[in-house]
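> Turn this into a structure:
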Amino acid sequence: MRERAAVLCAAAAVVAGTITAAPAAAGPSHPADTARTAALTWKKCATTDYPTLQCASLKVPLDHAKPGGKKITLALSRVPHTATTYQGPLLVNPGGPGGSGLTLAGFVASALPKEVAAQYDVIGFDPRGVGGSTPALNCAPGHFSPGRPDSLPATGAVERANLKRAKSFAESCGKKYASVLPYINTLDAVRDMDAIRRAVGTRQLNYFGYSYGTYLGAVYAKLYPERVRRLVLDSVVDPTGVWYEDNLAQDVAFDDRHRALMAWIARHDATYGLGTDPEAIEAKWYAMRAALAKRPAGGKVGAAELEDTFLPGGYYNGYWPYLAEAFAAYVTTADADPLVEAYENFAAVDASGENGYSVYTSVQCRDASWPRDWDEWRSDNWAVYRKAPFMTWNNAWYNAPCAFWPTRSLGPVNVRNGKLPPVLLFQATDDAATPYEGATTVRSLLRGSRLVVEEGGGNHGITLSGNACLDKHLAAYLTDGTVPRGTGSVDAVCDALPDPEPLSAKAATGSSRGATLHGLLGFRG
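Presented below is the predicted three-dimensional model:
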């Protein structure tokens, strides 16, 4: 996880409100539903981009089964409603797991139509372990420092070096956070979300999640269906593959997306000079990788770091022109400086990224049953690599600490649900991080849900990033619960935005909103 969102300061928290608009689905009333768990006071933490942003903190039990026991603190942010019609809190999450949601609240409130945002308290939060919440995890500072082993375990020595890194990370987490790790998982994060609901004094939540945030939202809906008012899931995780199988499926999808980048470079040969044959360009990319494995660019960018640098291009095509320029400079003029700059911009991991990765592993390793026999990992990943070499082994090592994790697995949640109001799903057909099949699966599991598809789109996180067709469906749903009603497995289709133009053409490389959103969502999310 490489989180680029700035962590905002959080102070003491709260304000309450009563939903004045009729709930889309009113569930049974429980005395605890409207009981506040803390006296919260919101304080100003405005930024230049988000001048009305407020911050708060909320204490929750480390172990929700022991509400009187040890407490941890969640950092919250909010853009308050301004309209007379108040539709309640809209809780937002950028994914990860390990992503900070504090700045996302400001972004969502500013990117929605003003008349829609004005009806909600848009609330962001740092999930337990993340960013401004305490404790914030950092299992092994420097784990992603340059000079890592080649991700491709072509020899036993390279495989052993990568295994040593993975085991060391898991052991470090276990030693530093032994009392915390059992409670860093999706189920406890969902219980925290319900504590936020109680703290703001409302019977139901509205929720908007990207990427892993879609699984978080679906699990919340499973545990508390009567407390869901509206639910938006963008770039949908396949909950039936949590998490080992989902990562193997990602590998194939990312390889396809990497080849799409190669094809885009071929179409712009006049700019990059790498040729017009995508397969030949791809061969040059792998030749570059082989050269960097022997001699890292700037002493930093070896084979593993190169993969890290190009991985963001699988999430957002707005990065393609920058990656293509770095690739072309290295191949055509032996200039490694742009490649080092691209690494620093897109892949270098700072303390925030280390925190995000620590939470990512803690949640994913605790959530699901990972193989503990490395022979199974080896066999599965070599099989996928033969079809999809771009990031298979890079992704395997990223998740490999789960083979040695010190806490037992809880097992994934069956999110099947027939007790919800209509849920709105958004999915790009060529999304690599959460492949398309996950959205159709969730549409079948959440009865009455509706799926809006971006046809031909390959970005991860597609609403509020410049596609007016998608955003029209989102605004209609948040305004009054309107959902499209189609036939078959898809309810509405929007055309994808055009791919970017090369930087040298002085053309836009994607909407500024899209670039902002993808900076907040980070990578591996």
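> Nearest residue to residue 476 in space, ignoring adjacent ones along the chain?
residue 482 (4.2 Å; CB to CB, 6 or more residues apart in numbering). From N, CA and C alone the C-beta is placed, and that goes for glycine too.
> what are the phi and psi values for that neighbour?
phi -60, psi 130 (degrees, to the nearest 10).
> Give me the distance between residue 269 and residue 277.
As judged by CB to CB, to the nearest Å, residue 269 and residue 277 stand 9 Å apart.
> So for stretch 398-411, first residue to last residue, what's the gap.
20 Å (CA to CA, to the nearest Å).
> Could you list the buried residues of that stretch?
Across stretch 398-411, burial judged by 16 or more other CB atoms under 10 Å covers 398-407, 409.
> Can you get me a residue count around residue 487?
6 (other CB atoms under 10 Å).
> Report pLDDT for it.
We have a pLDDT of 81 for residue 487.
> Please apply the same query to residue 40.
Taking residue 40 on its own, its pLDDT is 81.
> does it count as helix, strand or coil?
coil (DSSP: H, G, I helix; E, B strand; the rest coil).
> I figured it was touching residue 55, is that so?
No: checked against CB atoms under 8 Å, the pair residue 40 and residue 55 is beyond contact range at 11.0 Å.
> just to revisit the earlier point, and which of the buried residues of stretch 398-411 is nearest to residue 241?
The closest of the buried residues of stretch 398-411 to residue 241 turns out to be residue 399 (CB to CB; 12.8 Å).
> Which of the helices or strands spans the closest one?
helix 392-399 (DSSP states H and E).
> Going by secondary structure, residue 357 is in what exactly?
Here residue 357 is assigned to helix 351-367, by DSSP H and E.
> what packs against whatever helix or strand comes next after that helix?
Using DSSP H and E, the next helix or strand after helix 351-367 towards the C-terminus is helix 374-385. For helix 374-385, the packing partners by 3 or more CB pairs under 8 Å, 6 or more residues apart in numbering; DSSP states H and E come out as helix 244-267, helix 392-399.
> Just give me the neighbour total for the residue nearest to residue 476.
Around residue 482 there are 14 residues (other CB under 10 Å).
> try residue 372
12.
> Can I get stretch 237-256 in PDB, CA atoms only?
These are the backbone C-alpha positions of stretch 237-256, laid out as PDB (Å, rounded to 0.1, in the frame of the first residue of the first chain):
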ATOM      1  CA  VAL A 237     -13.800  -6.500  -4.600                       C
ATOM      2  CA  ASP A 238     -14.800 -10.100  -5.200                       C
ATOM      3  CA  PRO A 239     -15.800 -11.200  -1.700                       C
ATOM      4  CA  THR A 240     -15.600 -14.900  -2.700                       C
ATOM      5  CA  GLY A 241     -11.900 -14.700  -3.300                       C
ATOM      6  CA  VAL A 242     -10.800 -13.000  -0.100                       C
ATOM      7  CA  TRP A 243      -7.800 -12.700  -0.300                       C
ATOM      8  CA  TYR A 244      -5.400 -15.300  -1.800                       C
ATOM      9  CA  GLU A 245      -7.500 -16.000  -4.900                       C
ATOM     10  CA  ASP A 246      -8.300 -12.300  -5.500                       C
ATOM     11  CA  ASN A 247      -4.600 -11.600  -5.600                       C
ATOM     12  CA  LEU A 248      -4.000 -14.300  -8.200                       C
ATOM     13  CA  ALA A 249      -6.800 -12.900 -10.300                       C
ATOM     14  CA  GLN A 250      -5.300  -9.500 -10.000                       C
ATOM     15  CA  ASP A 251      -2.000 -10.700 -11.500                       C
ATOM     16  CA  VAL A 252      -3.700 -11.700 -14.800                       C
ATOM     17  CA  ALA A 253      -5.700  -8.400 -15.000                       C
ATOM     18  CA  PHE A 254      -2.600  -6.300 -14.300                       C
ATOM     19  CA  ASP A 255      -0.700  -8.000 -17.000                       C
ATOM     20  CA  ASP A 256      -3.500  -7.200 -19.400                       C
END
